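S.K.: compute the structure for the input listed below.
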Amino acid sequence: MFYLFGEAESNMKKMKFKLFVCMLLIGTYFVVNFNMISAEQEYDYNYTISNGEATITGYIGADEIITIPSTIGGYPTVKIGDYAFHSINGHLLTFVNIPSSIKTIGDYAFQYCKKLTFVTIPNSVTSIGEGAFVHCSSLASVTIGSSVKNIGDRAFSYCPMTSVFIPDNVTTIGNYTFQYCQFLTYVTIGSKVSTIGDRVLDYCNSLTSITFLGLNAPTIVGPHWFTGPIEARGHAYANSNFPAPEEKFYGLTMGIVIGGENKPPVADFIWMPSNPKTNQTITFGAANSYDPDGSITFYEWDWNNDGVYEEYYTTSPAIHSWPQVGNYPVTVRVTDNEGATNTKKITISVSNGSGNGDAKNKGIPGFELIFVIYAIAITILLWKKKRTV
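M.R.: Below you'll find the model as predicted:
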């Protein structure tokens with residue numbers, strides 16, 4: 001009898017030991033592997049990890065000017081997720097610096113960010129999701145990166161930008177993309193666009209010029225893609241297959257051909273923060289510059305009013321800072337595809353103060369730590385039960 005009882009007790013110990021080992025193994029598995037699907041928080045961002053890449057899923061900070069981290073949780077940040085900044089805090093944003101690690105901007109990512117003033121989408125981004133910037137009612141300037149292929153439905157609806165350049169790699173412009181952009185005056189459409197959705201330029205009542213840079217007209221065009229003013233004109237190369245001047249392209253009357261009598265570009269720029277401090281990085285955006293019968297190919301910046309352009313780019317954004325308080329005249333010179341130039345000078349007032357701050361780390365324990373704690377708690381309970389046997 002004693003033997004049987006001892007054997008039962010021994011079997012019970014073995015079973016408890018196996019359970020303990022099993023729990024530890026499961027806990028170890030999650031510690032090592034749960035980052036594949038975990039939801040975490042770091043700095044002022046919520047994020048998830050999948051296949052070794054991070055997606056920003058939410059913003060909990062209260063800053064007006066932010067730089068999205070290029071890495072988070074030790075992984076590269078490749079996507080701004082759906083509705084990521086569609087929140088009370090996101091509505092405070094006036095400027096967001098998107099890093100070159102980002103490949104995708106998700107659906108409605110910045111919807112209703114009503115203070116967002118201008119955005120530069122880096123060349124790493126290939127896709128702009130549906131409604132990504134819809135109802136950003138202060139978004140006056142947008143630079144779309146050269147690698148973007150698809151612009152989703154309603155991506156920029158209800159935004160007040162005055163000009164838009166759609167780069168050559170874009171093949172598809174979704175439905176309603178610029179609907180109700182009532183200040184939009186000039187649009188340039190890149191050479192590879194083959195699909196233009198319906199109502200793309202619906203109620204864009206300030207439009208005067210739409211320039212097509214491709215030799216082949218888009219093959220899929222929504223029947224009501226353009227419902228703007230009758231005075232607006234389209235422009236294309238003489239050797240393209242677009243209709244001749246004064247003929248119609250799906251409701252748009254074509255005007256003078258590109259390469260005819262060249263009209264000079266119009267230069268303009270804005271900057272953020274609008275009230276910069278000493279040693280603070282200031283981002284300048286010249287995407288509101290436009291060419292009425294072509295495209296802008298070159299942007300040059302004179303930072304010290306000496307007539308020498310210290311920096312030059314093929315895209316509009318640039319950054320600069322000043323170490324001392326003062327009023328600094330800044331000039332941008334733009335060059336169009338026919339070589340014509342124009343300039344714009346604005347004086348920037350720099351006041352005394354601290355520049356860029358350090359990011360705040362507000363990380364919280366992940367699921368994996370909680371699971372290990374749970375496994376330890378189970379072990380303690382089993383041990384206590386053993387002591388009472």
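S.K.: buried ones in stretch 169-183?
M.R.: Buried positions in stretch 169-183, judged by neighbour count with 16 or more other CB atoms under 10 Å: 169-170, 172-181. C-beta coordinates here come from the backbone N, C-alpha and C atoms, glycine included.
S.K.: could you give the average pLDDT over stretch 254-265?
M.R.: When pLDDT is averaged over stretch 254-265, the result is 86.
S.K.: in that stretch, what's buried?
M.R.: So for stretch 254-265, counting by 16+ other CB under 10 Å, buried means 254-258, 262-265.
S.K.: ok, now stretch 345-354?
M.R.: Quick answer for stretch 345-354 (16+ other CB under 10 Å): 348, 350.
S.K.: what does stretch 125-133 give?
M.R.: Buried residues in stretch 125-133, counted by 16+ other CB under 10 Å: 125, 127-133.
S.K.: quick one: residues in contact with that stretch.
M.R.: Identification of contacts with stretch 125-133 by CB atoms under 8 Å, 6 or more residues apart in numbering yields 82, 98, 102-111, 113, 116, 119, 121, 139, 142, 144-145, 147-157, 159, 174.
S.K.: what's the most distant pair in the buried residues of stretch 125-133?
M.R.: Farthest apart among these by CB to CB are 125 and 131. That separation is 15.9 Å.
S.K.: taking the contacts of stretch 125-133, please make a PyMOL selection of just the buried ones.
M.R.: Selecting only the buried entries of the contacts of stretch 125-133 in PyMOL, with 16+ other CB under 10 Å as the criterion:
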select buried, resi 82+98+102+103+104+105+106+107+108+109+110+111+113+116+119+121+139+142+144+145+147+148+150+151+152+153+154+155+156+157+159+174
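S.K.: now, the contacts of stretch 125-133 that are in helices?
M.R.: With helices taken from DSSP state H, there is no overlap with those.
S.K.: how far off centre is stretch 297-316?
M.R.: Centre-to-centre, stretch 297-316 and its host chain are 24 Å apart (CA atoms, centre = their mean, to the nearest Å).
S.K.: stretch 239-253 too?
M.R.: Centroid separation between stretch 239-253 and its chain, computed with CA atoms, centre = their mean, is 33 Å.
S.K.: need the phi and psi values for residue 296.
M.R.: The phi/psi pair for residue 296 (degrees, to the nearest 10) reads phi -90, psi 130.
S.K.: and what of the one 10 residues further on?
M.R.: Note on residue 306: its backbone torsions stand at phi -110, psi 10 [degrees, to the nearest 10].
S.K.: burial of it, as a residue count?
M.R.: By other CB atoms under 10 Å, 10 other residues sit near residue 306.
S.K.: and for residue 65?
M.R.: Using other CB under 10 Å: residue 65 sits among 18 other residues.
S.K.: show me what contacts the closest residue to it other than its chain neighbours?
M.R.: Computed as CB to CB, 6 or more residues apart in numbering, the closest residue to residue 65 that is not its neighbour in sequence is residue 95, at 4.7 Å. Contacts of residue 95 were listed using CB under 8 Å, 6+ apart, and they are 64-66, 116-118, 272-273, 283.
S.K.: stretch 116-127: end-to-end distance?
M.R.: Its first and final residues considered, stretch 116-127 spans 20 Å by CA to CA, to the nearest Å.
S.K.: mind checking the pLDDT average for it?
M.R.: If you average the pLDDT over stretch 116-127, you get 94.
S.K.: returning to that earlier point: make JSON lines from the buried residues of stretch 169-183 and add pLDDT and secondary structure to it.
M.R.: Formatted as JSON lines, those follow (pLDDT from 0 to 100; DSSP: H, G, I helix; E, B strand; the rest coil):
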{"residue": "169", "pLDDT": "95", "secondary structure": "coil"}
{"residue": "170", "pLDDT": "97", "secondary structure": "coil"}
{"residue": "172", "pLDDT": "98", "secondary structure": "strand"}
{"residue": "173", "pLDDT": "98", "secondary structure": "strand"}
{"residue": "174", "pLDDT": "98", "secondary structure": "coil"}
{"residue": "175", "pLDDT": "98", "secondary structure": "coil"}
{"residue": "176", "pLDDT": "98", "secondary structure": "coil"}
{"residue": "177", "pLDDT": "98", "secondary structure": "coil"}
{"residue": "178", "pLDDT": "98", "secondary structure": "coil"}
{"residue": "179", "pLDDT": "97", "secondary structure": "coil"}
{"residue": "180", "pLDDT": "96", "secondary structure": "coil"}
{"residue": "181", "pLDDT": "96", "secondary structure": "coil"}
